[in-house]
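1. need coordinates for the below:
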Amino acid sequence: MTKERISTTVSLLANVIIILVLLSHSSLQQENINDSTPTFGLLTITMPNLTISSNKTTYMCHTFRIRDLIKEQYPLMFEKYSNQIFHVTKYSAILSNPSVTHHMIVYGCPGDASREFSQIETLTNNQPFSCYGRGINVMSKCYEVTFGWAVGGQDFELPNEAGFPIGNYFLQSTDYVVLEVHYNNPSGKEGLIDSSGFSLNFTSNLRPYNAAIMTLGSQLQTMIIPPNTESTIVSNTCSSNCTKEMKGNINVYASLLHMHLLGKEIYTTVTRVNESFILSENRHYDFNMQTFQRLEPYKILQPGDQLTTVCNYNSIGKNETTFGGESTDDEMCFNFLAYYPRENGLTACIGLDEGKNFCVKPPSSFLANATATADNFSKRIIIKRGEGMESLVNKKLEIVNDFLLVISCFAICLTVVFVLRHFFSK
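-> Here you go, the predicted model:
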């Protein structure tokens, strides 16, 4: 075979390689583009057309499993990402009867609450129930404040680097939840049908950090406010013994301060060695304007910090003693802190008598690289923090594409070399 024929053959082979490589590269890109599985959605958790009681104060609850809601409303997304968690990036209140809705909270139930939920569904025929009624003990299991709204509240959007983990209790994310709605109906209205609750923006593309809510405040039974008094201070301290249970520093990016009708001032201070500062405050409290206040810059809490929450009440014009309690006419003193990472913080630190605390840590969440069992216990998966399954697949595709592009460039260079050799050999 002559040199000319060899060069021509090599040149043709190189061009074939280029065409095949480019076609493969194109098909991979097309496969990625044509993947129509959604990566985000909007979940609703609402009361199922509940008839509101004409009683002045009513607390009604309803149970949900978020995993089932996702499967029902987004079957394609659930099928593809069923072995991982999802992140809530924003939530909004849905208000059917704002004039009688005092506040709403979604409580997370750590771990597997299927047994408790099954008992409730049997007792209530899967209908809403009185949250603290006789025979109902689920609230002792479901105590982690996950989403919250109070009078005057606005939409709550998380920072870009964090999301509330939901959808798979095997990975210690929020799965079983209880929606609690406090109805304040002082005029005794009848026949009101309610479907209030929350809408949740969620995604399978996980953000770098899990977010959570920490509750600070006073035990209601300890609160006593005398009548016709311009200023009554109620304070409580989350001690350093409790915060030492934290696994590391946390970033507090928002705070919801909560009192009732007599409240006029509320704030939380942080005390550590050689330092003290205000964490969050509202010096002119308005019961009708209760919303999360953003903290800029974020406040950093450390293990061993002492957190003191102070509430000031004005009872001028009220002729009877006011106690801490669930009714709007009773009083409360709470600070709900939105923070990340969830793994480092606390679920609650409530001040009790004699300087003691009710101190609760969040469930042990999945680590930076966690191995978790799927629902059927038949598959083992590894999820890297901050990445959804789709982003992992896309990254693999990017690596393959880059490799094929390198081969393409090499083939082109090889073709040019043989063409030049053929030209100069004549």
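2. contacting residues for Pro341?
-> 162, 209-211, 248, 250-251 (CB atoms under 8 Å, 6 or more residues apart in numbering). Placement of C-beta: from N, CA and C, glycine included.
3. from the chain's centroid, how far away is the helix or strand hosting Met214?
-> Using DSSP states H and E, Met214 maps to strand 212-218. How far strand 212-218 lies from its chain's middle: 15 Å, per CA atoms, centre = their mean, to the nearest Å.
4. run me through the strand neighbours of it, direction for each.
-> Looking at strand 212-218 with DSSP bridges, its partner strands are strand 334-340 (antiparallel), strand 348-351 (parallel).
5. tell me how far the helix or strand following the shortest one lies from the chain's centre.
-> The one in question is strand 348-351. Counting by DSSP H and E, the element after strand 348-351 in chain order, helix or strand, is strand 357-360. Relative to the chain's own centre, strand 357-360 is displaced by 21 Å; criterion: CA atoms, centre = their mean.
6. try stretch 61-76
-> So, by CA atoms, centre = their mean, the centroid of stretch 61-76 is 16 Å from its chain's centroid.
7. okay, how far is it across that stretch, tip to tip?
-> 30 Å (CA to CA, to the nearest Å).
8. and stretch 317-329, by the same measure?
-> 13 Å.
9. average pLDDT across that stretch?
-> The average pLDDT within stretch 317-329 is 93.
10. buried ones in that stretch?
-> Residues of stretch 317-329 classed as buried by neighbour count (16 or more other CB atoms under 10 Å): 318, 322, 324, 327-329.
11. ok, the residue minimising distance to the centre of the chain - contacts?
-> Centroid check for the chain by CA atoms, centre = their mean gives Phe164 as the closest residue, at 1.8 Å. Phe164 sits next to 87-88, 91, 146-147, 158, 174, 210-212 when contact means CB under 8 Å, 6+ apart.
12. quick check: which element contains it?
-> Element membership of Phe164, judged by DSSP H and E, is strand 162-166.
13. now the angle from that strand to strand 334-340?
-> Interaxial angle, strand 162-166 versus strand 334-340 (axes from the mean of the first three to the mean of the last three CA atoms, to 10 degrees): 100 degrees.
14. helix or strand right after strand 162-166?
-> Going down the chain from strand 162-166, the next helix or strand is strand 176-184, by DSSP H and E.
15. adjacent strands (with direction) for that following strand?
-> Strand 176-184 is paired, per DSSP bridges, with strand 57-65 (antiparallel), strand 101-109 (antiparallel).
16. next one: stretch 185-201 to chain centre, how far?
-> With CA atoms, centre = their mean, you get 24 Å for stretch 185-201.
17. sorry, wrong one. I was asking about stretch 87-105.
-> The answer for stretch 87-105 is 15 Å, by CA atoms, centre = their mean.
18. for that stretch, how far is the first residue from the last?
-> So stretch 87-105: terminal residues 18 Å apart, CA to CA.
19. quick revisit: hey, C-alpha coordinates of the strand holding Phe164 in PDB?
-> Output of strand 162-166 as PDB, limited to C-alpha atoms (Å, rounded to 0.1, in the frame of the first residue of the first chain):
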ATOM      1  CA  ALA A 162     -30.600  26.500  52.800                       C
ATOM      2  CA  GLY A 163     -33.900  24.500  52.600                       C
ATOM      3  CA  PHE A 164     -36.200  22.800  55.100                       C
ATOM      4  CA  PRO A 165     -35.700  19.000  54.500                       C
ATOM      5  CA  ILE A 166     -38.900  17.000  53.900                       C
END
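20. pretty sure Phe292 contacts Ala254?
-> Yes: at 4.3 Å, Phe292 and Ala254 qualify as touching, with contact defined as CB atoms under 8 Å.
21. now for those two: what residues contact both?
-> Common neighbours of Phe292 and Ala254, using CB under 8 Å, 6+ apart, are 156, 338.
22. got the strands paired with strand 212-218 as TSV, with mean pLDDT and distance to Gly108 columns?
-> What follows is the strands paired with strand 212-218, written out as TSV (pLDDT from 0 to 100; distance: least, CB to CB, whole Å):
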stretch	mean pLDDT	distance to Gly108
strand 334-340	96	14
strand 348-351	88	12
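23. same list, those, but as CSV with mean neighbour count please.
-> CSV is the format used below for these (neighbours: other CB atoms under 10 Å):
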stretch, mean neighbour count
strand 334-340, 24
strand 348-351, 23
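24. closest one to Tyr313 among the ones you listed?
-> For Tyr313, the closest of those is strand 334-340, at 13.8 Å, according to CB to CB.
25. now for the nearest residue to Leu95 once chain neighbours are set aside, how many residues are close by?
-> Leaving aside its sequence neighbours, Leu95 sits nearest to Ser196 (CB to CB, 6 or more residues apart in numbering; 5.4 Å). Look at Ser196: counted by other CB atoms under 10 Å, it has 22 neighbours.
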